[in-house]
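J.: Following is a predicted model, sequence given first.
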Amino acid sequence: MPHRDLFAAVDLGSNSFHMLVARREYDQLRVIDRIRDMVRIAGGLDRQGELNETTRFNAIECLQRFGQRLSEIPDHQIRAVGTQTFRRMRDQKQFLAEAEEALGCTIDIIPGREEARLVWLGVAQGTSHGSDPRMVIDIGGGSTEIAAGQGLSPQVTESLQYGCVSLTKRAFTDGVITKSRWRRMRDEVAGELQALQTGIRATGWQQAIGSSGTLRAVQQIVAQQHDGVLRQFTLDDVKSLRKRIINAGHVDSVQLDGLSDNRQPVISGGVIIIEACMKAFGIKHMDVSQFALREGLLYDLFGRLEQTDPREKTVMAMANRHEADQTQAERVRDFALCAFEQIAEAHQLASIHKNLLDWTCRLHEIGLVIAHSHYQVHSGYIGEHSDMPGFTQQEQQYIACLLRYQRRKLHASALDDLPARLHQSARSLLAILRLSVALCRARSDSDLPDFSLQADSSSELVFYLPDGWRDLHPLSARSIEYEIHQLSKLGLELRLATLNQPHPG
């Protein structure tokens, strides 16, 4: 029987896979289980984005173990995400299908800036001075996330395509460590950081906090050099560590007190990133947090279920920024949500689909800020390429697809960019959205009819309209007839009938 008070977060990082299980007690979350496996999936990915079979096998085995622990937790109380390496994977859809089957739940791929936001949220849970301006740096296996600001919402979120695994492979291809190689890679990272300096400085940060295994490893190594007590470390500590690593001469020869065997092969690249960050941002002391992305995931999930969803704030901001007509958006939204309720059960639509339809309706005309002609294409482009805090990569692709195909011609391949598991729901929402946009074209409430939308099956819809309404509204009638033909390209049959007549048998 599912445990209604249990929540889980799964962080599929480029270096390690992590899982947290927490119990809700007095409206707070208390972690009761932690599982970590050093899969190092970034190390198994080549430059073409191909994952070798050994790493693939190890990753799936790990997810099967995680899946056993998750089996008694309700699906809507689990959040699993993939990060940089998943974003780079060439056969992402195929691997995701295998991974989701092993884990027993869906896996969302999150953009780099969303990863930075979640890291920030996780670190904030363990920061005593939550209101003070701060900067958070998280060094993963495939990327480094940087956020700055105060409170629970950072002002700046950035993601760099450098991580401890990928940088070690790139800087020391044959494993040999030299001063010149170290300096060349550090300067390259510093060049990328230069563009971030002004924005980070403007936040007025007062405390720098490191998050992730790399930062914790450096803290542990520095502690072993002194009195064994964990504390903040300085740039001089990092420079001393750099000398010791270079003197080792090879990544396999790095032996440092306090450094685990699992972390040893990738510590070189991690220290390069730390040194570059501390120099670029003028960090004199680096504190280290035990909290990271997984804690952020857990609290973000809990917040969504408690109606404090950051995606809502993102949609409102986007609609305002692109000067969307709120009255028209509400008109389309009301019609669409009414239709949704009528077919949700037959088409197996859940609350997340209702939210996605709601958000899409409110954003459907943001492309008008670019041009009226083909505005749906512009809306889709904005939806796909904008930074949308709170949204996963799949959610953003899903909304962008609905925006792009809300009107005009459909193609049989319209849903091909989405994972196969999302096709059925996307087809249903697209049908609802297209009917709503078509019927609200006159931008007048007086033209909107009473209606009923019924589902004979997951591939059939019957649209009931008042007797004689189509004769009085020829433009709308033509638009609906057009939709019959267009939706058929996606294998969805739309039939028209007269309201109050018996349902066709």
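T.: Received the coordinates, thanks.
J.: Now do the strands in the stretch 251-400 of the chain.
T.: 285-288 (DSSP state E, counting those that start in this stretch).
J.: what's the answer for the chain, then?
T.: 6-12, 17-25, 28-37, 78-82, 108-109, 134-139, 144-150, 153-160, 207-211, 233-234, 285-288, 452-457, 460-465, 493-498 (DSSP state E).
J.: which one of those is the most hemmed in?
T.: Among those, the stretch with the highest mean neighbour count (mean count of other C-beta atoms under 10 Å) is strand 134-139, at a mean of 28. Using the backbone N, CA and C atoms, a C-beta is placed for each residue, glycine as well.
J.: ok, that one: who's next to it in the sheet?
T.: Sheet pairing of strand 134-139 (DSSP bridges) gives strand 144-150 (antiparallel), strand 207-211 (parallel).
J.: Show me what the longest one is in contact with.
T.: Contacts of strand 144-150 from elsewhere in the structure, counted by C-beta atoms under 8 Å, 6 or more residues apart in numbering, are 112, 115-117, 119-120, 130-138, 154-160, 162-163, 196, 199-200, 203, 205, 273, 277.
J.: Recalculate using a threshold of 7 Å.
T.: Outside strand 144-150, the residues that touch it by C-beta atoms under 7 Å, 6 or more residues apart in numbering are 112, 115-117, 119-120, 131-138, 154-160, 162-163, 196, 200, 203, 205, 273.
J.: Mean confidence (pLDDT) on that strand, please.
T.: For strand 144-150, mean pLDDT is 96.
J.: How about the shortest one?
T.: Taken as a whole, strand 207-211 has a mean pLDDT of 95.
J.: thinking again about what came up before, nearest to residue 321, of the strands paired with strand 134-139?
T.: Smallest distance to residue 321 across the strands paired with strand 134-139 (C-beta to C-beta): 19.1 Å, for strand 144-150.
J.: Can you check what angle separates that closest one from strand 153-160?
T.: 160 degrees (axes from the mean of the first three to the mean of the last three C-alpha atoms, to 10 degrees).
J.: Strand 144-150: how far from the chain's middle?
T.: In terms of C-alpha atoms, centre = their mean, to the nearest Å, the centre of strand 144-150 is set 16 Å apart from its chain centre.
J.: What degree of burial does residue 198 show, as a neighbour count?
T.: Counted by other C-beta atoms under 10 Å, the residues lying close to residue 198 total 8.
J.: again, but for residue 444
T.: 9.
J.: Leaving aside the residues adjacent along the chain, what's closest to residue 319?
T.: Spatial nearest neighbour of residue 319, excluding adjacent residues (C-beta to C-beta, 6 or more residues apart in numbering): residue 362 at 5.4 Å.
J.: That neighbour against residue 317, yeah?
T.: No - counting by C-beta atoms under 7 Å, residue 362 stays clear of residue 317, with 11.2 Å between them.
J.: if I pick the residue nearest to residue 319, what's in contact with it?
T.: Going by C-beta under 7 Å, 6+ apart, the list of residues near residue 362 reads 315, 319, 329, 333.
J.: repeat that for 8 Å
T.: 315-316, 319, 324, 326, 329-330, 333.
J.: what does residue 6 give?
T.: Counted by C-beta under 8 Å, 6+ apart, residue 6 has contacts 21-24, 72-74, 77.
J.: Kindly recompute the last result at 7 Å.
T.: Contacts of residue 6 by C-beta under 7 Å, 6+ apart are 21, 23, 73, 77.
J.: would you turn the contacts of residue 362 into JSON lines with neighbour count and distance to residue 476?
T.: Listed next are these as JSON lines, based on neighbours: other C-beta atoms under 10 Å; distance: C-beta to C-beta, whole Å:
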{"residue": "315", "neighbour count": "22", "distance to residue 476": "28"}
{"residue": "316", "neighbour count": "13", "distance to residue 476": "30"}
{"residue": "319", "neighbour count": "19", "distance to residue 476": "25"}
{"residue": "324", "neighbour count": "21", "distance to residue 476": "22"}
{"residue": "326", "neighbour count": "14", "distance to residue 476": "22"}
{"residue": "329", "neighbour count": "19", "distance to residue 476": "19"}
{"residue": "330", "neighbour count": "13", "distance to residue 476": "19"}
{"residue": "333", "neighbour count": "21", "distance to residue 476": "18"}
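J.: Switch those over to JSON lines; also include distance to residue 96 and pLDDT.
T.: Formatted as JSON lines, those follow (distance: C-beta to C-beta, whole Å; pLDDT from 0 to 100):
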{"residue": "315", "distance to residue 96": "25", "pLDDT": "96"}
{"residue": "316", "distance to residue 96": "30", "pLDDT": "95"}
{"residue": "319", "distance to residue 96": "30", "pLDDT": "96"}
{"residue": "324", "distance to residue 96": "32", "pLDDT": "96"}
{"residue": "326", "distance to residue 96": "36", "pLDDT": "95"}
{"residue": "329", "distance to residue 96": "32", "pLDDT": "97"}
{"residue": "330", "distance to residue 96": "35", "pLDDT": "96"}
{"residue": "333", "distance to residue 96": "31", "pLDDT": "97"}
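J.: Brilliant, that's me finished.
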